[in-house]
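Peer 1: could you work out the structure for the sequence below:
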Amino acid sequence: MSGAAFRDLYRSLRDQASAAEDPERGALGRLTPERVVAAAAQVRHGRTVSLAAPIETEAGQDNPEPASHTMTAPAHGELGTRGEQFARDRFAMNVHGDADSHLDALCHVVYDGELYGGVPASTVTPDGAGALTLDLARDGIVGRGVLLDIPRLKGVPWLEPGEHVTAADLVAAEDAQQVTVGPGDLLFVRVGHRLRRRTLGAWDAARARAGLHPEAMRLPAERRVAALGSDGNNDTAPSAVTDVPFPVHVLAVNALGLHLMDYLDFEALVPLCERLGRWHFLCVVAPLRLPAATGCPVNPIAVL
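Peer 2: You can find the predicted model right below:
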């Protein structure tokens, strides 16, 4: 895709969103109380499934800056004495890496000097973001989740790094799974990244990974979804667009106002969906209360 074609697509989706969405909350405004109630009413079995992978503290090819977990108490040899004691620890991570499940806030992606809705990029400072922060999702992201399994559609365990998911693939997966993505849905797209990683080992996902083609973003825009997630980065590597390394991030976050969830894990959910014969579920996402943050680790819960 040429740079000029991408800019045309960006302007088209941005204009489509600006005419319909809340300039301060983006696509989260589609999660109306009525849609949340309808999603909750579809729970049939009371089964809950995490859509996150365990946070990793060991370095790897796709995780050169792993999260750190340090015990701050008790000191060595302190346990076992009489009376009250506490175990304490400290946690730190690179939120936007290529291994851990995380949520991207609307302040995460700058394009042509602006954030979503034309907010100046200068609102992001060394002290934190001043607009469109993670705090927009402080009350949770709750709605009907829909999982589209692209490897299942193609009869393979996973897509290979560099392969693109097209809008036609998404529609074909809907047909195969007898589910339709609609307004206010949380759309999840499986490319099989997690299964490939567990089977073959980690690789440099920054250089090569499966993901959505930029043109595929027309579907979530037209269907007016409320959020988008994948078991990969959402973006393919190498990028399909000249000089834009993360075009799907630009289109989703910056143009459409969609909160993105990267590197989720659907491997426990898929067999349950197959067994129950349904690919939609109540989904509950509870981001951390970090008011000036550009994102956070996340653990979406599917309830069937």
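Peer 1: where does Ala20 land on pLDDT?
Peer 2: Looking at Ala20, its pLDDT reads 63.
Peer 1: right, and the helix or strand after the lengthiest helix in the chain?
Peer 2: In the chain, with assignment by DSSP state H, the single longest helix is helix 3-18. Following helix 3-18 in sequence order, the next helix or strand is helix 33-41 (DSSP states H and E).
Peer 1: list the buried residues of that following helix.
Peer 2: Arg35, Val36, Ala39 (16 or more other CB atoms under 10 Å). C-beta: built from backbone N, CA, C; applies to glycine.
Peer 1: ok, and the closest non-adjacent residue to the second one?
Peer 2: The spatial neighbour of Val36 that comes closest, neighbours along the chain excluded (CB to CB, 6 or more residues apart in numbering), is Val142 at 5.3 Å.
Peer 1: contacts only, for that neighbour.
Peer 2: Taking CB atoms under 8 Å, 6 or more residues apart in numbering, we find Val142 in contact with Leu31, Val36, Ala39, Leu282, Cys283, Val284, Val285.
Peer 1: how is the fourth one assigned, secondary-structure-wise?
Peer 2: In terms of secondary structure, Leu282 is strand; the call rests on DSSP: H, G, I helix; E, B strand; the rest coil.
Peer 1: where are the low-confidence patches of this protein?
Peer 2: 19-21, 80-81 (pLDDT under 70).
Peer 1: quick one: the helices in it, in order.
Peer 2: 3-18, 33-41, 150-154, 167-177, 193-200, 218-223, 247-249, 269-276.
Peer 1: CSV for the ones you listed, including distance to Arg82?
Peer 2: Output for the helices of the chain, formatted as CSV (distance: least, CB to CB, whole Å):
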stretch, distance to Arg82
helix 3-18, 62
helix 33-41, 48
helix 150-154, 56
helix 167-177, 59
helix 193-200, 45
helix 218-223, 59
helix 247-249, 55
helix 269-276, 46
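Peer 1: looking at the ones you listed, which is buried most?
Peer 2: Ranked by mean neighbour count, those are led by helix 247-249 with a mean of 26 (mean count of other CB atoms under 10 Å).
Peer 1: apart from its chain neighbours, what residue comes closest to the residue nearest to the spatial centre of the chain?
Peer 2: Nearest to the mean C-alpha position of the chain, by CA atoms, centre = their mean, lies Met261 at 1.0 Å. Nearest residue to Met261 in three dimensions, chain neighbours excluded: Gly229, at 3.3 Å (CB to CB, 6+ apart).
Peer 1: close enough to count as contact, that neighbour and Asp185?
Peer 2: No - the pair Gly229 / Asp185 is not scored as a contact, 11.2 Å apart, by CB atoms under 8 Å.
Peer 1: of these two, which one has the most company?
Peer 2: Taking neighbours as other CB atoms under 10 Å, Gly229 and Asp185 compare with Gly229 leading, 30 against 26.
Peer 1: quick check: the gap between that one and Pro126.
Peer 2: As judged by CB to CB, to the nearest Å, Gly229 and Pro126 stand 29 Å apart.
Peer 1: could you find the closest non-adjacent residue to Leu159?
Peer 2: Nearest non-adjacent residue to Leu159, counting by CB to CB, 6+ apart: Ala210, 3.8 Å away.
Peer 1: show me what contacts the one you found?
Peer 2: 158-165, 191-193, 232, 236.
Peer 1: same deal with Pro74?
Peer 2: Pro74 sits next to Gln85, Phe86, Ala87 when contact means CB under 8 Å, 6+ apart.
Peer 1: possible to save those as JSON lines with neighbour count and distance to Val181?
Peer 2: Converted to JSON lines, the contacts of Pro74 look like this (neighbours: other CB atoms under 10 Å; distance: CB to CB, whole Å):
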{"residue": "Gln85", "neighbour count": "12", "distance to Val181": "51"}
{"residue": "Phe86", "neighbour count": "7", "distance to Val181": "47"}
{"residue": "Ala87", "neighbour count": "9", "distance to Val181": "44"}
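Peer 1: generate TSV for these, with distance to Leu115 as supplementary columns.
Peer 2: Formatted as TSV, the contacts of Pro74 follow (distance: CB to CB, whole Å):
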residue	distance to Leu115
Gln85	46
Phe86	41
Ala87	40
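Peer 1: which ones among those residues lie within strands?
Peer 2: Per DSSP state E, strands hold no members of the contacts of Pro74.
Peer 1: measure the residue of the chain most remote from its centre to Ala17 for me?
Peer 2: Of all residues in the chain, Arg82 has its C-alpha farthest from the mean position, at 46.4 Å, by CA atoms, centre = their mean. Going from Arg82 to Ala17 by CB to CB gives 62 Å.
Peer 1: end-to-end on stretch 253-270?
Peer 2: 26 Å (CA to CA, to the nearest Å).
Peer 1: now that stretch: how far from the chain's centre is it?
Peer 2: Relative to the centre of its chain, stretch 253-270 is centred 2 Å away, using CA atoms, centre = their mean, to the nearest Å.
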